[in-house]
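K.L.:
Next comes the sequence, and after it the predicted model I'd like to discuss.
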Number of protein chains: 2
Amino acid sequence: MKADLLITGISQLVTAQGTGPKHGAQMRDLNITEHAALAIANGLIAWVGPSSEFAGEAADTIDIQHRAVVPGLIDPHTHAVWAGNRLADFEARTSGVTYEQILTAGGGIWSTIRATAAQSESELTALAKPRIDALLRSGATVIEVKSGYGFAPAAEIAMLRVISVLAAATPAHIIPTLLIHVPPKDASERGEYVSEICENLIPHVAREELAQAVDVFVEKEAWSAPEAEQILTAARQNSLAVKLHTEQFHRVGGIELGLRLNALSIDHLEACAPEQLAAIASSPTIATILPGVTLHLGLPAAPGRALIDAGVAVAVGTDLNPGSSPLFSAQMALALAIRLNGLTAHEALVAGTVNAATALGLTDAGRIETGQPADFLILDSSDWRDLVYTLGANPVREIWIKGEKVAV
Amino acid sequence: MKADLLITGISQLVTAQGTGPKHGAQMRDLNITEHAALAIANGLIAWVGPSSEFAGEAADTIDIQHRAVVPGLIDPHTHAVWAGNRLADFEARTSGVTYEQILTAGGGIWSTIRATAAQSESELTALAKPRIDALLRSGATVIEVKSGYGFAPAAEIAMLRVISVLAAATPAHIIPTLLIHVPPKDASERGEYVSEICENLIPHVAREELAQAVDVFVEKEAWSAPEAEQILTAARQNSLAVKLHTEQFHRVGGIELGLRLNALSIDHLEACAPEQLAAIASSPTIATILPGVTLHLGLPAAPGRALIDAGVAVAVGTDLNPGSSPLFSAQMALALAIRLNGLTAHEALVAGTVNAATALGLTDAGRIETGQPADFLILDSSDWRDLVYTLGANPVREIWIKGEKVAV
């Protein structure tokens, strides 16, 4: 084997193995190789194992001096494109107004929709780029980005175009999702809006390949489960994957709908009940938990420990958005999942790599294995656990994507 | 007035005014000047006000392009010098073992004491320097650093020498504190150890000016209130200020002791009871809360909201240490105090500037006022609230200390 580059001096090389969701106890199965080396050829991992066993040739060698290497992180849930800010909401909430009261009063998401509509695509791109950079710096080599602050179909398409411009402007792999976020304020317009989404917007997005999945926010103040079913059925008919924001504040039927539709993921789950766990565990659907929301809104945490103990495959995302999770770090999302959702360090790493990849329908991300893209992180520590132990500083020293060190 | 430098283009210049502790509602009194300018002469603030009112001369001018300026943050409680790590404790805790069980079993602080004793002063300095750099990057221009992992008097002195070497190696202002952390494991040796501390260590530290205050960890597994009184009385007799770690897990009499001894601050207070608040409020002592511990250990938060509502002067610190708060960011400590302790953005800024200064006995830090050192932060935003709203990224763009921009 002839490699372009051999990386030696890896104190610990840590990865989950094999594709597909890791359920329950499988989330603690990490492969940890000490004194490891990693060979790269054509942007792919050509060989990985104990340094002493490397028998190939390499055009170049880098000794990383006893530092740990982990897979590039995957942030499977962000709303990184927005305009305006929600600092007034933030002040209101710290004075005792609830997030739902703000939303009902036409603040919250609606204020972001108004601010986003007022900006051009190039302005939106300029606003979003530093957020993508921050996520990348925190170790995210794959980042999902949702539309959803457009509302009007043309504005949703504009958001997806912004996301595709961002994708071309960053070395990170950007996965675009069409989010059908909130219904028209006038209840009589809901049916017509859903028809427009199903008959025109979704087919257009599928045809132009502007998104890989459709997501719906199922909640008392947003879409009902039957409305979501209409929208997501249209997505399936157009060969798009489906995802749901559900059970954030209330039991609204979104979990059952997601499992029935074979959703890639059901996200949030703060209000998920014990009797719902077994059905999720027996499905291929990923449960994506979002601890930034728990910290920012001070609401109950999604039952991460109970989900995993019940055999569910859990992923973790930042949910980066201005209203409920101004969390600009995939590393910190994992650190928070340990403290707020009861995950162990091992489970957090699986949740932020292979399971997050599965939540995006990806089989070529989140693992350090021969044949996979050479997307990995070199940490500032010889112990990989510092990745998820550290609070308020970035333990990621170098970010490598497709075999190249990224400048961020 | 002739300034060395005039900084213009300040969207908002935000500061608390006047020296001394801000109690209760005073913690919301910020002075916010829009379209401001700031003149610096000889490292001090020579003038501050609306740009249009500047009538002096300046040798140089910098336009910061509509960005917010706040005082340099003050981290009034850190244990930034240690060796070894507590990753094994971290794994044990995420598997259900409590912090107190680990401490009782001789892990926890004791494992850090053993690891710290095994390192030379230059090795300890090299380990601590990146932590000081991280705190500085997060906006802390004044950083308190405690000894306390030495145990043996000579090892405590060595830690204080390391802190003084660090002070010379960073532009941040380092405030050293002698911490009497844990008693001998053999109960029969406690009396003799206290005598040694009072009769030899404290007088030596005072004579050599190695610390400005003495701190004692008052807790069931650490020192009793009567023992702490002996130690802190010796500190007072040697003209050193006093501080206490108290009411972290239990009501142990440390609050009452601290108020009686006119302590600069009483720190932690997670187990503080409603009937203790009025006495703190009527004292000049600062209540320093440490939200990193709440996040990391998953224990109840100190009652920040109740303390302020009762009229107490509250400060916020990182408590940076390997066991209970691996929090390397003064900015994030404030962001967490809002989410976990119920502070508003205004209160958090006061807690992290003037009140933190008072907790260290400083009158020349934490404010942007004529005659004060020109220690301030330029944010990456035109709205100062982004400083405490942002999670997982650093909203601090530039750090200025004594009128000079710091490279970190």
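P.N.:
Now that the structure is in, tell me what you want to look at. Numbers count the residues shown, from 1 in each chain, chains lettered A, B, ... in the order given.
K.L.:
Okay, the residue nearest the centre of chain A and residue A:323: tell me how far apart.
P.N.:
For chain A, residue A:76 is the residue whose C-alpha lies nearest the centre (Cα atoms, centre = their mean; 1.5 Å). Distance from residue A:76 to residue A:323, counting by Cβ to Cβ, to the nearest Å: 19 Å. Where you see a C-beta, it was placed from the backbone N, CA and C, and this is true even at glycine.
K.L.:
Phi first, then psi, for the residue nearest to the centre of chain A.
P.N.:
Taking degrees, to the nearest 10, you get phi -90, psi 10 for the backbone angles of residue A:76.
K.L.:
I figured it hits residue A:144, correct?
P.N.:
Yes: under the criterion of Cβ atoms under 8 Å, residue A:76 makes contact with residue A:144 at 5.1 Å.
K.L.:
what do the two both touch?
P.N.:
With contacts defined as Cβ atoms under 8 Å, 6 or more residues apart in numbering or on different chains, the residues adjacent to both residue A:76 and residue A:144 are A:317, A:360.
K.L.:
Who are the contact partners of the residue nearest to the centre of chain A?
P.N.:
Counting by Cβ under 8 Å, 6+ apart, the residues that residue A:76 touches are A:144, A:265, A:286, A:288, A:315, A:317, A:356, A:357, A:359, A:360.
K.L.:
10 Å - rerun?
P.N.:
In this structure, residue A:76 makes contact with A:140, A:142-144, A:175, A:177, A:243, A:264-265, A:267, A:286, A:288, A:290, A:315-319, A:330, A:333, A:351-352, A:355-360, A:362, A:366, judged by Cβ atoms under 10 Å, 6 or more residues apart in numbering or on different chains.
K.L.:
Then residue A:307?
P.N.:
With contacts defined as Cβ under 10 Å, 6+ apart, the neighbours of residue A:307 are A:24, A:27, A:269, A:272, A:276-277, A:280-281, A:287, A:289, A:313-314, A:341-343.
K.L.:
again, but for residue A:66
P.N.:
Counting by Cβ under 10 Å, 6+ apart, the residues that residue A:66 touches are A:9, A:10, A:11, A:12, A:35, A:381, A:382.
K.L.:
if we can go back for a sec, quick one: which of the contacts of residue A:307 is most hemmed in?
P.N.:
For those, the largest number of neighbours (other Cβ atoms under 10 Å in any protein chain shown) sits with residue A:287, at 33 neighbours.
K.L.:
My guess is it contacts residue A:356. True?
P.N.:
No: using Cβ atoms under 10 Å, residue A:287 is not in contact with residue A:356, being 11.5 Å away.
K.L.:
The stretch 1-150 of chain A: helices as residue ranges?
P.N.:
A:87-94, A:99-104, A:109-117, A:121-137 (DSSP state H, counting those that start in this stretch).
K.L.:
Go through the least confident helix or strand in chain A by mean pLDDT and flag the buried ones.
P.N.:
Sorting the helices and strands of chain A by mean pLDDT, DSSP states H and E puts helix A:99-104 at the bottom, at a mean of 75. Residues of helix A:99-104 classed as buried: A:99, A:100, A:102, A:103 (neighbour count, 16 or more other Cβ atoms under 10 Å in any protein chain shown).
K.L.:
Which two among those are spaced furthest apart?
P.N.:
Taking every pair in those and measuring Cβ to Cβ, the maximum separation is 7.3 Å, between A:100 and A:102.
K.L.:
Mutual contacts of the two, please.
P.N.:
Shared contacts of residue A:100 and residue A:102, defined by Cβ under 10 Å, 6+ apart, are found at residue A:108.
K.L.:
Of the contacts of residue A:66 - the most surrounded one?
P.N.:
Ranked by the number of neighbours (other Cβ under 10 Å), the contacts of residue A:66 place residue A:10 first, at 27 neighbours.
K.L.:
what sits opposite the nearest residue to that one once chain neighbours are set aside in the beta ladder?
P.N.:
Nearest in space to residue A:10, with sequence neighbours left out and distances taken as Cβ to Cβ, 6 or more residues apart in numbering or on different chains, is residue A:36 at 4.1 Å. Judged by DSSP bridges, the bridge partners of residue A:36 are residue A:10, residue A:50.
K.L.:
Good, we can wrap up now.
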